[in-house]
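Peer 1: Provide a 3D model corresponding to the input given below.
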Amino acid sequence: MAAVNTTAVLTVTDRIKAPLNRLLTSPSASGILLIFCAAFAFAWANSPWADAYFHMMHIETAVVFGGFHLELHLVHFVNDALMAIFFFVVGLEIKREFLIGELAGLRRAALPIAGALGGMVAPALIYAAINLGEPSIRGWGIPMATDIAFAVGVLALMGDRVPLGLKVFLLALAIVDDLGAVLVIALFYTANLHVDALLISLAIWVLALLYGRFGHARAMVFLVLAMACWYYMHESGVHATIAGVLMALAVPLGGKLARSDLEAEVRDMMLPATGGVDVKVERISYLVERVQSPLMRFEHALSPWVAFLIMPVFAIFNAGVALGGGGHADGAELAEHAGHAAQASLIGLPTIGAFFGLLLGKPIGIALFSWVTIATGLAAFPRGANWAGMIGIGCLGGIGFTMALFVANLAFGSTLALDQAKIGVLAASLVSAVVGFMLLKRAFAAAGPQPEQG
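Peer 2: Numbering: from 1, shown residues only. All right, here's what the predicted structure looks like:
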C-alpha cells in the first residue's frame, strides 16, 4: 500500500482554507454578500418565478421547545427568530463597547453618541415632515439606523487612506444608533401588549442576569433561558428580537480567572519542579479558557454565522419588491386611499421619506451634532480627519439596509407601504454608499496610508 504524503495533504488543505479564512475575516466580505443577496431577491421578485418567491414567504413553520409550540410563516421565522440571534450579537457589541471599547468613558463616547443622536433625529424629522398627516407617518423610525456591515464594507474599499480615528468614529456611531433603533422598536413599535407574558420574559431575563453575575457562562444554560425569554417576549406583543438584546446584557464580560492570577500561575509553572511539558501545556490551556471573556467568546463564535448566514437570509426574504406592485392583496385599497385611481405606485410618501431621510438626514444630522460637540469642547476632532471626511462618514451612515428594512416590516406589515419604504431604503443605501465613497476618496486622495494611532 502506498504511503500517504501527509505534508502534501496538509498543503492542499491549507490552500483551500487560506482564501476561505481571508474571506471570512475581510471587512467587506459580508457587505458584498448582502448586496448579492439583496440583488438576487429583487431579481427573483420581478422574474417569471415571482409567485414562488412570495409563496415561500408564507410557508408554515413551527418553533417547538419543551411543551411550547409556536407556528410562524417562514418570513416571520426569519424576522422574529433568526434575527433574534442578530440582535443578540448587536447587544454583545453594545455592552463590550460601553464597558471596555470606544464608548467607555464620557469624553471618548461623546462624539459618536452625539453623531448617532443627530443621525437618528434628523432622518426621523425629514421622514415625518414628508409624511405629516398621513398613515405612513408610522414609518418615521425607518431611516434612523446605519447598517454596520455595508458601511464598514464600503469604508474598507478605501484601504488605509482613511484615518483610524474616522473608522473608529463610524463603528462607534453605528453601535450607538443600533442601540437607539433597539429602543425605538421596543418603545414605539409594540402593539397589543400582554403584561403577564412580558413580566414572565423579564423574570427569565433577571434569572439570566443573576446567573451571569455570579460568573457562570455555560452556553447551554444561556440557550435554554434565551429561548424561554424569546417565547414570552413574542407572546407579550413586544418584538421578540428585543429578548436577544436583553440576553446579551446578561452575558458576563470577565472570565472566572483574573489576568493577574493567570500571570502568577504561568510564572509558577515555569519552575522546574512543576511537571513535564505536556502537563504544563494542558494546565495553561485550562487557565486560558478560564480567563477568556464569555462575552467575547460568544461574540466571536456567533458573528460569522450572523454575517454570512442570518443577514444574507434576511436580505433574501426582505429585499424582494415586485415593481408591478404584486405580492400584497391590499395594494389596490392602499392606492385608492392615496389617491391613485389606476394602479398602485411603488413610489409613494414612504419611499420619499425613507430616501431623503437616509440620504440627507444622516449626513446633516451626524455632521451638525458632531460640530456642536467639538465646538463646545465636549469631544476632540478625530486625529487626521477633516470635515469633508466627516461628511463622507455621515453619508455612509445613510446605508440603512438591515435595520431600516426590519423597522419597515414592523411599521407597515404586509402592505404596499412596506414595498414603497423598501424601495426608498434600497435606493438611498445605494446612493449613500456611492456618494460617501466618492467624498472620502476626494477628502483623502492625496493621503498615503495612515499610521495606526493609539
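
Peer 1: what's the least confident helix or strand in this structure, going by average pLDDT?
Peer 2: Ranked by mean pLDDT, DSSP states H and E, the weakest helix or strand in the chain is helix 331-337, scoring a mean of 40.

Peer 1: packing partners for the helix or strand following it?
Peer 2: Where DSSP states H and E defines the elements, the next helix or strand beyond helix 331-337 is helix 349-356. The helices and strands touching helix 349-356, judged by 3 or more C-beta pairs under 8 Å, 6 or more residues apart in numbering; DSSP states H and E, are helix 106-130, helix 401-412, helix 416-443. Any C-beta I mention is one placed from the backbone N, CA and C, and that applies to glycine too.

Peer 1: helices or strands up against the first one?
Peer 2: Using 3+ C-beta pairs under 8 Å, 6+ apart as the contact definition, the elements that helix 106-130 packs against are helix 164-188, helix 349-356, helix 362-375.

Peer 1: least reliable of these by average pLDDT, please.
Peer 2: Lowest mean pLDDT of these: helix 164-188, a mean of 86.

Peer 1: and the angle from that one to helix 362-375?
Peer 2: With axes from the mean of the first three to the mean of the last three C-alpha atoms, to 10 degrees as the basis, helix 164-188 and helix 362-375 are set at 110 degrees to each other.

Peer 1: doesn't residue 346 make contact with residue 323?
Peer 2: Yes - in terms of C-beta atoms under 8 Å, residue 323 counts as a neighbour of residue 346; the distance is 6.3 Å.

Peer 1: neighbour-wise, which of the two wins?
Peer 2: Of the pair residue 323 and residue 346, residue 346 is the one with more neighbours under other C-beta atoms under 10 Å, namely 19 against 12.

Peer 1: low pLDDT regions in this structure?
Peer 2: Residue ranges of the chain with pLDDT under 70: 1-28, 65-68, 254-292, 324-344, 446-454.

Peer 1: the helices and strands packed on helix 106-130 into a markdown table, with extra columns for distance to residue 153 and mean neighbour count?
Peer 2: Putting the helices and strands packed on helix 106-130 into a markdown table (distance: least, C-beta to C-beta, whole Å; neighbours: other C-beta atoms under 10 Å) gives the following:
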| stretch | distance to residue 153 | mean neighbour count |
| --- | --- | --- |
| helix 164-188 | 11 | 21 |
| helix 349-356 | 21 | 26 |
| helix 362-375 | 17 | 22 |
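
Peer 1: to residue 232, which of these lies closest?
Peer 2: helix 164-188 (14.7 Å; C-beta to C-beta).

Peer 1: so after the closest one, what's the next helix or strand?
Peer 2: Next along from helix 164-188, by DSSP H and E: helix 195-213.

Peer 1: next one: that following helix to chain centre, how far?
Peer 2: 24 Å (C-alpha atoms, centre = their mean, to the nearest Å).

Peer 1: which elements pack onto that helix?
Peer 2: helix 219-236, helix 242-250.

Peer 1: just name the most buried of those helices.
Peer 2: helix 242-250 (a mean of 24; mean count of other C-beta atoms under 10 Å).

Peer 1: tell me the angle it makes with helix 164-188.
Peer 2: 130 degrees.

Peer 1: so how far is helix 242-250 off the chain centroid?
Peer 2: So, by C-alpha atoms, centre = their mean, the centroid of helix 242-250 is 14 Å from its chain's centroid.

Peer 1: and for stretch 80-99?
Peer 2: 8 Å.

Peer 1: for stretch 56-63, same thing?
Peer 2: Its chain's average C-alpha position is 24 Å from that of stretch 56-63, according to C-alpha atoms, centre = their mean.

Peer 1: got the contact list for that stretch?
Peer 2: Contacts to stretch 56-63, defined as C-beta atoms under 8 Å, 6 or more residues apart in numbering, come from residues 69-75, 77, 81, 231, 317.

Peer 1: with distance to residue 158 and secondary structure added, can I get the residues you listed in TSV?
Peer 2: Compiled in TSV, the contacts of stretch 56-63 are given as follows (distance: C-beta to C-beta, whole Å; DSSP: H, G, I helix; E, B strand; the rest coil):
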residue	distance to residue 158	secondary structure
69	50	strand
70	45	strand
71	47	strand
72	41	strand
73	41	strand
74	38	helix
75	36	helix
77	37	helix
81	36	helix
231	44	helix
317	31	helix
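
Peer 1: what about the closest residue to residue 402 other than its chain neighbours, how many residues nearby?
Peer 2: Once flanking residues are discounted, residue 402 sits nearest to residue 147: 4.8 Å by C-beta to C-beta, 6 or more residues apart in numbering. Residue 147 has 27 neighbouring residues, counting by other C-beta under 10 Å.

Peer 1: spit out the contact partners of the nearest residue to residue 121 once chain neighbours are set aside.
Peer 2: In this structure, residue 121 finds its nearest non-sequential neighbour in residue 365, 5.8 Å apart by C-beta to C-beta, 6+ apart. The contact partners of residue 365, taken as C-beta under 8 Å, 6+ apart, are 115, 117-123, 394.

Peer 1: now, of these, which are buried?
Peer 2: Buried members of the contacts of residue 365, counted by 16 or more other C-beta atoms under 10 Å: 115, 117-123, 394.

Peer 1: just to revisit the earlier point, show me how to select, in PyMOL, the buried members of the contacts of stretch 56-63.
Peer 2: Buried residues within the contacts of stretch 56-63, by 16+ other C-beta under 10 Å, are selected in PyMOL with:
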select buried, resi 70+72+73+75+77+81+231+317
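
Peer 1: now for the contacts of stretch 56-63: which two are most distant?
Peer 2: Counting by C-beta to C-beta, the most remote pair of these is 69 and 317, 22.7 Å apart.

Peer 1: list the buried ones in the host helix or strand of residue 150?
Peer 2: Assigned by DSSP H and E, residue 150 belongs to helix 148-156. Neighbour-count burial for helix 148-156 flags 148-156 (criterion: 16+ other C-beta under 10 Å).

Peer 1: I'd guessed residue 100 sits against residue 253; true?
Peer 2: Yes - Residue 100 is in contact with residue 253 according to C-beta under 8 Å; the separation is 7.0 Å.

Peer 1: am I right that residue 159 is in a helix?
Peer 2: No - Residue 159: not assigned to a helix; according to DSSP: H, G, I helix; E, B strand; the rest coil it is coil.

Peer 1: OK, contacts around residue 147?
Peer 2: 34, 174, 399-404, 429.

Peer 1: and the residues you listed as TSV, adding distance to residue 356?
Peer 2: TSV is the format used below for the contacts of residue 147 (distance: C-beta to C-beta, whole Å):
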residue	distance to residue 356
34	23
174	21
399	15
400	12
401	17
402	20
403	18
404	13
429	13
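
Peer 1: from the residues you listed, which two are the most distant?
Peer 2: Between any two of the contacts of residue 147 (C-beta to C-beta), the greatest distance is 14.5 Å, for 34 and 174.
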